[in-house]
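Enquirer: give me a model of this one.
(chains A and B)
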Amino acid sequence: MPKNTEFVKFDKVDKSYDGKVLVVKDLNLNISEGEFITMLGPSGSGKTTCLMMLAGFETPTNGEIYLDSNPISNIPPHKRGIGMVFQNYALFPHMTVYENLAFPLRVRKVQKDEIDKKVDKALSMVSLSGFESRMPAQLSGGQQQRVAVARALVFDPAVVLMDEPLGALDKNLRESMQYEIKHIHENIGVTVVYVTHDQGEALTMSNRIAVFNDGKVQQLSSPDKLYEEPVNSFVAEFIGENNTFKGEVTEISKDVCKVKLQNREILANPISVNSKGDKTTVSIRPERALINPKDKMDNNQTGKIEEVIYHGDHTRVRLDLLGNKEFILKVPNSSNELDLKLGNEIKVGWNSQDARALDPK
Amino acid sequence: MSSETKQILTTDGIPLEISLRKAERKNKIKAFLLVSPLLLFLLITYIFPIGEMFTRSIDDKMITNMLPKTFKSMETWDGKELPPEEVFASFLSDFKILVDKKEHGKLAQRLNKEKNGFSSTVKKLFRQVKRNKIDESKNIKEQIMKVHKRWRDVEYWRAIKRTAPPYTSAKYLKAIDMYLNEDNKITQVSEDRRIHRILWLRTVEVAFFVTVFCFLMGYPIAHLLATLPMKYSNLLMICVLLPFWTSLLVRTASWMILLQQQGVVNDFFVMIGLVADDNRPEMMYNKVGTYVAMTQILLPFMVLPLYSVMKTISPSLMRAGKSLGGTPFVAFWKVYFPLTIPGIGAGCLLVFILAIGYYITPALVGGSSGTLISNRIAYHMKTTLDWSFASAMGLMLLGGVLVIYWLYNKLVGVDNIKLG
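Expert: Numbering: from 1, shown residues only, chains lettered A, B, ... in the order given. Below you'll find the predicted structure:
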């Protein structure tokens, strides 16, 4: 059976709270069945609002949301059959773990033995079997999180929404929970819409990521594409680390252009520049610029080392390069023959293909 | 291990335990000094008066001190027939002392409370004693019995003997319309004199319904307060607290203006044609007035604990309930409501306890069918000056409150109360 690529569909959705500012602007987004999609963006970018509209706690000011081809704007939350994991877990503190999980089943009038079976299954899925009679307050943050996930899945919803579910956990736990949620998704194949402001989380877990800013989706693509090929300078800045040069296009052909900086020219990959004279921001990932490159590269510059920071597996080197004092390089610790001393001049090279000339911002 | 048995010393060589105790003693003394004003205040204004009330309510020493010899000689009397000469003689000698001290009136009053008819009986004896008509060298029994026929009635002598113990439970029995009859049995007073039990029941009834009304009205307000955005909720909070900033008397008086037959509410009813002008309903000087005014006055005590509890309930819980498939009602009933129970408990307990002892409002707007037990207590304090009876009723009220508190603790648990 072919998967429905428009399982959840935002169709020209606008949302405003006060009638003056649009929090979400003309949102068009298709989510296919079984997909893990992440809405990523800074706070106030409209991503949580989108999730709330999908859950039914907010209504779109304009446009329509479709779930499996049915418009759902007028369906109250409890009839949508969408599971949700909340930021602070929202476990019912007066109920045991079992009762928490049984709640969605009881309101659906499921038989008692059926409930027992499903709760058992859901708890073993998050490896919390035997915790049925605990109260939420007796569980650690990670365990509460798992219960919340199990509760959102126990009634077999078509879509599960997760609103920054790992925000309150410490770093190590957060990482292991990321994998756990990812594996649960892979095992049961439910459609997941995940909201976060943590790009690492988004890159680890998602099939596709929608980067939100200013009420709009800036880019919707798979994690690797998003990182390697950002379509505008916001996405380039927001995802991962980034070195930028501001300049003006002086020559342009199909896949290379010349950008004039303050006093030098560099070669770049024209992404969102069209003609001579366009202002642009050139973006280069730190790991794409190499020190003393062995292979031939079409951009070769010399920079002065301003700062060296040891990071365990790699060393970050801050250079003064072409007038940019914040040019970052990542040097893997395997190459220890390099002489990284403050004030040294070093050669740096990169391919014009990796220097993306984006909008000037 | 040697390190465990060895005494640990500080760097100055003093044993650690002693040093620690010394260091903490100062703090303990300071802490005690800080709380001592309140402790003293509580002792003087609370514990001591309650003790005083208790002794007063059971105290019956006055007559014990008035007739010491009589009671002593009565000890061997079985009470079946008239007491022997010896009892009469000691009674006369006690009585003469009382006449000298001009305290025979008090005796008459006290004995009359025990049994009707003593008043005139004692007065007659007083006149005879005053005129020295009783010759102590002759048979005293014969002479006293001649003074009044009731002195020949064994019932009256038994009544005197009943007053012998220095303590009595009579006031408590009286408060529930009972008394100890001649045979020392607890019996009800005659039907037309049973007023206290009605008052107790009415007090509990009014307190109960006021609590219910406060809950029904306060719950939505508290919910609104807890969920509204700050700028609106502050305004609403001021409205809720406004009664606190107005004098209780002013508030009650304004209810009188509103509720009286020619009052604002009645005028309005007439205006919209709800009632005829010549048939205005009485909303004051009865239970209606008491309910309305007390509910308004006690409402903040319900709203505030509820509000403080609701404020801590995350709105995402209701959302979770709904997103998991519960209708708004189910989400409210299964998720929100159970979480507010500590607030409900605190609010209800507070309102009920305040209502059960409420005085001013029922006194002003209650009329005769709306007065409560506290008004009765005040009446005995100020009008009849039967302070021991007032004390007994006050203590019974206190006991009732403690029983409610105990019941609440059994049912809900006091540690479940949340006031803020």
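
Enquirer: break chain B into its domains for me.
Expert: B:2-58, B:62-166, B:196-416 (automatic domain parsing).

Enquirer: ranking those domains by burial, who's on top?
Expert: domain B:196-416 (a mean of 18; mean count of other Cβ atoms under 10 Å in any protein chain shown). All C-beta spots, glycine's among them, are computed from the backbone N, C-alpha and C.

Enquirer: quick one: average confidence on it?
Expert: Across domain B:196-416, pLDDT averages out at 88.

Enquirer: all helices in the stretch 151-300 of chain B, in order from the N-terminus.
Expert: Secondary structure of the stretch 151-300 of chain B by DSSP state H, counting those that start in this stretch: the helices cover B:154-162, B:170-175, B:196-227, B:230-241, B:248-259, B:264-271, B:287-311.

Enquirer: near chain A, which residues of chain B?
Expert: Counting by Cβ under 8 Å from any Cβ of the partner chain, chain B comes close to chain A at B:314, B:316-317, B:319-328, B:330-331, B:334-335, B:338-339.

Enquirer: again, only using 7 Å
Expert: Counting by Cβ under 7 Å from any Cβ of the partner chain, the positions of chain B adjacent to chain A are B:314, B:316-317, B:319-320, B:322-327, B:330, B:335, B:338-339.

Enquirer: hmm, back to that, between the domains of chain B, which gets nearest to A:E228?
Expert: A:E228 lies closest to domain B:196-416 among the domains of chain B, at 36.1 Å (Cβ to Cβ).

Enquirer: contacts only, for the residue in the stretch 251-361 of chain A that chain B sits nearest to.
Expert: Nearest residue of the stretch 251-361 of chain A to chain B: A:K361, at 35.0 Å (Cβ to the nearest Cβ). Neighbour list for A:K361: A:S233, A:T281 [criterion: Cβ atoms under 7 Å, 6 or more residues apart in numbering or on different chains].

Enquirer: low-confidence ranges in the stretch 51-200 of chain B?
Expert: Along the stretch 51-200 of chain B, segments meeting pLDDT under 70 span B:182.

Enquirer: sorry, back to before: report pLDDT for the residue of the stretch 251-361 of chain A closest to chain B.
Expert: At A:K361, pLDDT is 71.

Enquirer: wait, which of the helices of the stretch 151-300 of chain B is closest to A:V259?
Expert: Among the helices of the stretch 151-300 of chain B, helix B:230-241 sits nearest to A:V259 (Cβ to Cβ), with 50.2 Å.

Enquirer: which outside residues touch that closest one?
Expert: Contacts for helix B:230-241 (Cβ under 7 Å, 6+ apart): B:I221, B:L224, B:L225, B:L228, B:P300, B:V303.

Enquirer: what's the distance between the second one and chain A?
Expert: If you measure B:L224 against chain A using Cβ to the nearest Cβ, to the nearest Å, the figure is 19 Å.

Enquirer: scan chain A for its longest strand.
Expert: Longest strand in chain A, counting residues (DSSP state E): strand A:299-310.

Enquirer: follow-up on the earlier one: may I see the helices of the stretch 151-300 of chain B organised as CSV, with distance to A:D354 added?
Expert: Output for the helices of the stretch 151-300 of chain B, formatted as CSV (distance: least, Cβ to Cβ, whole Å):
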stretch, distance to A:D354
helix B:154-162, 112
helix B:170-175, 95
helix B:196-227, 52
helix B:230-241, 50
helix B:248-259, 78
helix B:264-271, 81
helix B:287-311, 54
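
Enquirer: ok, the residue in the stretch 101-250 of chain A positioned nearest to chain B - how many residues close by?
Expert: Going by Cβ to the nearest Cβ, chain B is nearest to A:P104 of the stretch 101-250 of chain A, at 3.8 Å. As a burial measure, A:P104 scores 27 neighbours (other Cβ atoms under 10 Å in any protein chain shown).

Enquirer: so what's it up against?
Expert: Contacts here follow Cβ under 7 Å, 6+ apart; on that basis A:P104 touches A:R151, A:V154, A:F155, B:L324, B:G325.

Enquirer: inside helices: which ones of these?
Expert: Among the contacts of A:P104, DSSP state H puts A:R151 in helices.

Enquirer: which one of the contacts of A:P104 is nearest A:S352?
Expert: Distances from A:S352 to the contacts of A:P104, taken by Cβ to Cβ, are shortest for A:R151, at 51.6 Å.

Enquirer: and the longest helix seen in chain A, what's buried?
Expert: What stands out as the longest helix in chain A, according to DSSP H, is helix A:171-188. For helix A:171-188, burial by neighbour count (16 or more other Cβ atoms under 10 Å in any protein chain shown) applies to A:L173, A:R174, A:M177, A:Q178, A:E180, A:I181, A:I184, A:H185.

Enquirer: pull the CA atoms of stretch B:35-52 into PDB?
Expert: What follows is stretch B:35-52, C-alpha atoms only, in PDB (Å, rounded to 0.1, in the frame of the first residue of the first chain):
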ATOM      1  CA  VAL B  35       8.800  33.000  69.600                       C
ATOM      2  CA  SER B  36       8.200  33.700  73.300                       C
ATOM      3  CA  PRO B  37       6.100  36.900  72.800                       C
ATOM      4  CA  LEU B  38       3.700  34.900  70.600                       C
ATOM      5  CA  LEU B  39       3.800  32.000  73.000                       C
ATOM      6  CA  LEU B  40       3.000  34.200  75.900                       C
ATOM      7  CA  PHE B  41       0.300  36.000  73.900                       C
ATOM      8  CA  LEU B  42      -1.300  32.700  73.000                       C
ATOM      9  CA  LEU B  43      -1.100  31.400  76.600                       C
ATOM     10  CA  ILE B  44      -2.700  34.500  78.000                       C
ATOM     11  CA  THR B  45      -5.300  35.100  75.300                       C
ATOM     12  CA  TYR B  46      -6.100  31.600  74.200                       C
ATOM     13  CA  ILE B  47      -5.100  28.700  76.400                       C
ATOM     14  CA  PHE B  48      -5.800  30.400  79.700                       C
ATOM     15  CA  PRO B  49      -9.300  31.700  78.700                       C
ATOM     16  CA  ILE B  50     -10.300  28.300  77.400                       C
ATOM     17  CA  GLY B  51      -9.300  26.800  80.700                       C
ATOM     18  CA  GLU B  52     -11.100  29.500  82.600                       C
END
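
Enquirer: so B:V189 makes contact with B:I176?
Expert: No - the criterion here is Cβ atoms under 7 Å, and B:V189 misses it with B:I176 at 9.7 Å.
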